[in-house]
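In: Quick one, what's the 3D model for this:
(one chain, ligands or ions: 2)
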Amino acid sequence: MTSNGTKQDNEAGQGEAPQNLTDGFHLVIDALKLNDLNTIYTVPGIPITDLGRLAQAAGMRVLSFRHEQHAGYAASVAGYLTKKPGVCLTVSAPGFLNGLTALAHATVNCWPMILISGSSEREIVDLQQGDYEEMDQLAVAKPLCKAAFRVLNAEDIGTGIARAYRAAVSGRPGGVYLDLPAKLFAQVMDAEDGAKSLIKVIDPTPAHIPAPAAVERALDVLKGAKKPLIILGKGAAYAQADEAVRGFVEKSGSPYIAMSMAKGLLPDDHPQYAGAARSLVLKEADVVMLIGARLNWLLSHGKGKQWGEPGSKKFIHIDIDPREMDSNQPIAAPLVGDIESCLNALIDGMGDNWSAPPAEWVEVVRDKSEANVARMAPRLQNNNVPMDFHGALGALRTIIKDRPDTILINEGANTLDFARSIIDMYRPRKRIDVGTWGVMGIGMGSAIAAAVETGNPVLAVEGDSAFGFSGMEIETICRYQLPICVVVFNNSGIYRGTDRNPTGGSDPAPTVFVKDARYDRIIEAFGGVGVNATSPDDLSRAVTQAITSGKPTLVNAVINPEAGTESGRIGNLNPQSVVSKK
Ligand code: ADP
Ligand code: MG
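Out: Ligands and ions are numbered 1, 2, ... in the order given. Model (predicted):
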């Protein structure tokens, strides 16, 4: 084999001139590398086992998981953190379906990702003759992702990868499916022609410059505000326009709040941050400016009690996708473009004499924030045993404050809702959670990608139920020796650990788990560090030690089984039986 991965077809005795050949395997690898896509998240198997091996041999980072869903979540988070598509590689039908959940997750969250799956023989699949892992994967993937492509000929691999790359990152980012039938990998072609067939994509995420009239309209609406509010969303974090975000927010003088993954874009202790006065600002604001945030369920669609009087607000909305405008509320000033270009245009348009919002508004918001922060403070310092959420999260809050480059992964019900408001973030893109779907199971995949893509320490704060979805990836974390500390908030169940079987039968209630479980022992099986923590002090010590050492660690944090509430803070979404219980 030559250094660029081609093989010499020079078997002795053939009497033919040696010819440099390449094949589908090598063309896929060369196309990815040519585009600086150097990491693959995968689970090996037919027909892609050799693709993983050869990719590693060619110098790519190939991370092998225990289940495709977590390899997929890792790829989606890699996309979010790097602005380049994260690549997930799976086997056919069942492996593909496992990866598809993550591809849909990436698409819903507007993160770039490419799911590459091997597939069975087209001729047999299309006649439904019962092939090994038979499935029309392209058709299944299409409605669940931003774009889907299939490559049938080796000479088209370069085009397939280029199209997948552009589709994933351009405009509103999303997930792309790339179907590669088994036969393709073994197709052989002349190496030189193969190299020429590859495409290096130029300017995959072109700037979207907003129209000057739209910028002016937005500034007019903002200028007229007596009680402005800025809402930063994870699109603003994704955009990596950190200077422009800070510059605009500070120049505007407006209070702002951050959606969960936008926390830390400006530090949560910024004087304009109104997170602790969220209810007040949502209700009272007269102009709301959305920057990379959608008015979806996470913001109650911009209506309802939370939003004050109907019709009391004007919206300014910055988004790269024009179709997002008016999706839930009429938008007075749509500003379509990429966040950096839009914010820089606004900053320019504000000139040197932009006047700050009325002082009363700023003061009311600041007073409310300070009062709420002060009210919460003593609860976060409690040292109760068994721990409650406030005591345990108070300890973790201090750790993130001292080590702000730590990436926080967070999922669960109560564990998610409390952590989101208690743990302040200080740096951009350091909080990764359940995202737009509010899905459980993103934990270990996200943690692995965060560690692999950044090299920073990772702290995964997990409800015991949430952890169960991806728990086996603890082996993956230990195998690659990643600097990840997982804290399982163990309250022995879903929401609470106290439900009983009303029939008195021996089956436990559907929401409870084994009592006094020791999750810390799971990681010990793979050579990692396990710690059982019963007090906030224990927890603090264990996590500090883990982050300092960089060793894979799992802390079983014993939480009072009575501490949680039904569905955390979204219990209102849960239909309740109206038929009285016997
Ligand atoms: P959150 O859940 O934090 O509110 P959303 O995921 O709802 O955030 O919204 C993110 C929005 O950001 C999406 O509508 C997406 O189109 C938009 N977006 C993503 N990248 C960019 C970008 N570079 N410029 C402008 N908008 C972007
Ligand atoms: Mg629980």
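
In: can you tell me which residues contact the one residue in the stretch 401-550 of the chain that gets nearest to ligand 1?
Out: Here the stretch 401-550 of the chain gets closest to ligand 1 at one residue, T436, 5.2 Å apart by C-beta to the nearest ligand atom. For every residue, glycine as well, the C-beta is placed using N, CA and C. Each residue near T436 by C-beta atoms under 8 Å, 6 or more residues apart in numbering is listed here: V108, N109, R294, N296, L298.

In: try M472
Out: Applying C-beta under 8 Å, 6+ apart to M472 gives the contacts R66, H67.

In: would it count as being in a helix?
Out: Yes - when DSSP: H, G, I helix; E, B strand; the rest coil is applied, M472 is found to be in a helix.

In: For the remainder of this discussion, apply numbering that starts at 47.
Out: Sounds good: first residue 47 from here, last item M518.

In: Would you mind measuring from it to I468?
Out: Noted for M518: a distance of 29 Å to I468, by C-beta to C-beta, to the nearest Å.

In: most neighbours, which of the contacts of T482?
Out: Each of these was scored by neighbours using other C-beta atoms under 10 Å; the highest score is N155's, at 25 neighbours.

In: Return the backbone torsion pair for the closest residue to it other than its chain neighbours.
Out: Taking C-beta to C-beta, 6 or more residues apart in numbering, and ignoring the residues beside it in sequence, N155 has G481 as its nearest neighbour in space, at 4.5 Å. Phi and psi for G481, reported as degrees, to the nearest 10, are phi 70, psi -160.

In: V504 too?
Out: The phi/psi pair for V504 (degrees, to the nearest 10) is phi -120, psi 130.

In: Mind telling me which residue of the stretch 297-446 of the chain is nearest ligand 2?
Out: F435 (10.3 Å; C-beta to the ion).

In: Pretty sure that residue sits against A459.
Out: No - using C-beta atoms under 8 Å as the test, F435 is too far from A459 to be in contact (10.6 Å).

In: Now do the shared contacts for the two.
Out: Common neighbours of F435 and A459 are listed as G610 (criterion: C-beta under 8 Å, 6+ apart).

In: How many residues are close by the residue nearest to N155?
Out: Neighbours of G481 using other C-beta under 10 Å come to 24.

In: Against ligand 2, how distant is it?
Out: From G481 over to ligand 2 the distance is 20 Å, taken as C-beta to the ion, to the nearest Å.

In: now do V485
Out: In terms of C-beta to the ion, V485 sits 16 Å off from ligand 2.

In: Test my guess that that residue contacts A152.
Out: No - between V485 and A152 there is no contact under C-beta under 8 Å: 11.5 Å.

In: More neighbours: which of these two?
Out: In terms of neighbours (other C-beta under 10 Å), A152 is the more surrounded of V485 and A152; the figures are 33 against 19.

In: Help me confirm that the more buried one comes into contact with G125.
Out: Yes - using C-beta under 8 Å, A152 is in contact with G125, at 6.2 Å.

In: Return every residue with contacts to both of these two.
Out: G132, P158, M159.

In: and the residue of the stretch 97-246 of the chain found nearest ligand 1, how many neighbours does it have?
Out: Distances between the stretch 97-246 of the chain and ligand 1 by C-beta to the nearest ligand atom are smallest at R218, namely 3.8 Å. Neighbourhood size, R218 [other C-beta under 10 Å]: 16.

In: any idea how far the closest residue to it other than its chain neighbours lies from G217?
Out: Excluding its sequence neighbours, the residue lying closest to R218 (C-beta to C-beta, 6+ apart) is D367, at 4.1 Å. Distance of D367 to G217, computed by C-beta to C-beta: 6 Å.

In: Same check on P380?
Out: 15 Å.

In: Looking at the two, which one has more neighbours?
Out: Neighbour count, other C-beta under 10 Å: between P380 and G217, P380 has more, with 20 against 16.

In: Can you verify my assumption that H254 contacts D365?
Out: No - taking contacts as C-beta under 8 Å, H254 lies outside contact range of D365: 10.0 Å.

In: okay but A290 is in contact with L389, surely?
Out: Yes - here A290 reaches L389: they are 4.0 Å apart, a contact under C-beta under 8 Å.

In: of the two, who's got more company?
Out: Counted by other C-beta under 10 Å, A290 and L389 do not tie: L389 has more neighbours, with 26 against 22.

In: Could I get the average pLDDT for the strand or helix carrying E406?
Out: Under the criterion DSSP states H and E, the helix or strand holding E406 is helix 405-426. On average, the pLDDT along helix 405-426 is 96.

In: what residues does the stretch 147-296 of the chain put near ligand 1?
Out: The interface of the stretch 147-296 of the chain toward ligand 1, taken as C-beta under 6 Å from any ligand atom, is made up of N155, C156, R218, G279, K280, G281, Y284, A285.

In: Also the chain?
Out: The chain has residues 155-156, 218, 279-281, 284-285, 305, 307-308, 338-340, 342, 344, 365-367, 370, 384-385, 482 near ligand 1, with proximity defined as C-beta under 6 Å from any ligand atom.

In: Contact partners for the residue nearest to N155?
Out: Counted by C-beta under 8 Å, 6+ apart, G481 has contacts H151, V154, N155, K280, M307, I488.

In: Could you export the residues you listed as a markdown table, including secondary structure?
Out: Formatted as a markdown table, those follow (three-state DSSP):
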| residue | secondary structure |
| --- | --- |
| H151 | helix |
| V154 | helix |
| N155 | helix |
| K280 | helix |
| M307 | helix |
| I488 | coil |
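
In: Show me the helices in the stretch 247-396 of the chain, by range?
Out: Listed in chain order, the helices of the stretch 247-396 of the chain (DSSP state H, counting those that start in this stretch) span 258-269, 280-284, 288-298, 324-330, 385-396.

In: Quick one, which of those gets closest to Q375.
Out: Smallest distance to Q375 across the helices of the stretch 247-396 of the chain (C-beta to C-beta): 12.8 Å, for helix 324-330.

In: so T205 touches L224, yeah?
Out: No - using C-beta under 8 Å, T205 is not in contact with L224; the gap is 11.1 Å.

In: Neighbour count for those two, which is higher?
Out: L224 (26 against 16).

In: show me what contacts that one?
Out: By C-beta under 8 Å, 6+ apart, the neighbours of L224 are I160, L161, I162, S163, A194, F195, R196, V197, G206, I207, A210.

In: and the fourth one, backbone torsions?
Out: When quoted as degrees, to the nearest 10, the phi and psi of S163 stand at phi -120, psi 140.

In: measure the closest residue to ligand 1 within the stretch 147-296 of the chain to N430 for me?
Out: Residue nearest to ligand 1 within the stretch 147-296 of the chain: G281 (1.8 Å; C-beta to the nearest ligand atom). Distance, G281 to N430, using C-beta to C-beta: 39 Å.

In: quick one: which of these two has more around it?
Out: More neighbours surround G281 than the other of G281 and N430, with 27 against 14 (other C-beta under 10 Å).

In: In strands, which of the residues of the chain next to ligand 1 appear?
Out: Among the residues of the chain next to ligand 1, the members found in strands (DSSP state E) are D365.

In: So, low pLDDT: which residues of this protein?
Out: Residue ranges of the chain with pLDDT under 70: 47-64, 626-628.

In: go with 80
Out: By pLDDT under 80, the low-scoring segments of the chain are 47-64, 613, 624, 626-628.

In: what residues does it put near ligand 2?
Out: Within the chain, the positions near ligand 2 by C-beta under 5 Å from the ion are G509, D510, N537.

In: By neighbours, which of those residues wins?
Out: Most neighbours among the residues of the chain next to ligand 2, by other C-beta under 10 Å: N537, with 31 neighbours.

In: From what I see, that residue and A603 are in contact.
Out: No - taking contacts as C-beta under 8 Å, N537 lies outside contact range of A603: 9.2 Å.

In: Scan the shared contacts of A152 and G125 and report the most crowded one.
Out: Neighbour max across the shared contacts of A152 and G125 (other C-beta under 10 Å) = M159, 36 neighbours.

In: For that one, name its beta-bridge partners.
Out: Note on M159: beta-bridge partners by DSSP bridges are G132, G221.
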